[in-house]
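# Mind folding the following:
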Amino acid sequence: MQENEQDHSEKNDPEGFMDLFGVWDAEDLREFLEATKDQEKVDPEDWDGNIR
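Sure, this is the predicted structure:
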C-alpha cells in the first residue's frame, strides 16, 4: 500500500471519531425516546391547508 492510501484509510476510520460523537447505551436511548415521544404525534389541524 502506498503511503497516501494508508493516510486516507486512517482518516476514514470511524473509530477515530468516536470521541466526537459519543456512544449511547440502552438507557440513553430510552430517555431520549421518552423525552421526544410527543414529536411523533401528528395534529391533523396542522395539515388542513388553512393558514392561521
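# all strands in the protein, in order from the N-terminus.
Counting by DSSP state E, the chain forms no strands at all.
# could you point out where it is predicted with low confidence?
Scanning the chain for pLDDT under 70 picks out the ranges 1-10, 50-52.
# residue closest to the middle of the chain?
Closest residue to the average C-alpha location of the chain: F21 at 9.1 Å, with Cα atoms, centre = their mean.
# can you tell me how far G22 sits from G49?
Separation of G22 from G49 (Cβ to Cβ, to the nearest Å) stands at 41 Å. To be clear about C-beta, it is placed using only N, CA and C from the backbone, and glycine gets the same treatment.
# if you count what's nearby, which of the two comes out ahead?
The neighbour count for G22 versus G49, taken as other Cβ atoms under 10 Å, is higher for G22 (7 against 4).
# Quick check on the more buried one: phi, psi?
When read as degrees, to the nearest 10, the backbone of G22 gives phi 80, psi 180.
# can you check D48 too?
phi -80, psi 0.
# Please report how far it lies from V42.
From D48 to V42 the distance is 12 Å (Cβ to Cβ).
# Count the residues that sit near E15.
Neighbour count for E15, taken as other Cβ under 10 Å: 6.
# The one 3 residues further on now?
Neighbour count of M18, defined by other Cβ under 10 Å: 10.
# ditto for V23
7.
# now do T36
Residues lying near T36 (other Cβ under 10 Å) number 9.
# again with the one 5 residues further on
As a burial measure, the neighbour count of K41 was computed by other Cβ under 10 Å and equals 6.
# Let me see the backbone angles for it.
Backbone torsions for K41, taken as degrees, to the nearest 10, come to phi -80, psi 140.
# Extract the CA atoms of the longest helix seen in the chain and return them as PDB.
Longest helix in the chain, counting residues (DSSP state H): helix 26-36. C-alpha atoms of helix 26-36 as PDB (Å, rounded to 0.1, in the frame of the first residue of the first chain):
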ATOM      1  CA  ALA A  26     -29.900   1.400  26.100                       C
ATOM      2  CA  GLU A  27     -30.800   3.700  29.000                       C
ATOM      3  CA  ASP A  28     -29.700   6.800  27.000                       C
ATOM      4  CA  LEU A  29     -31.900   5.700  24.100                       C
ATOM      5  CA  ARG A  30     -34.900   5.100  26.400                       C
ATOM      6  CA  GLU A  31     -34.500   8.500  27.900                       C
ATOM      7  CA  PHE A  32     -34.300  10.200  24.500                       C
ATOM      8  CA  LEU A  33     -37.300   8.400  23.100                       C
ATOM      9  CA  GLU A  34     -39.300   9.200  26.200                       C
ATOM     10  CA  ALA A  35     -38.300  12.900  26.000                       C
ATOM     11  CA  THR A  36     -39.200  13.200  22.300                       C
END
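# Perfect, that will be all.
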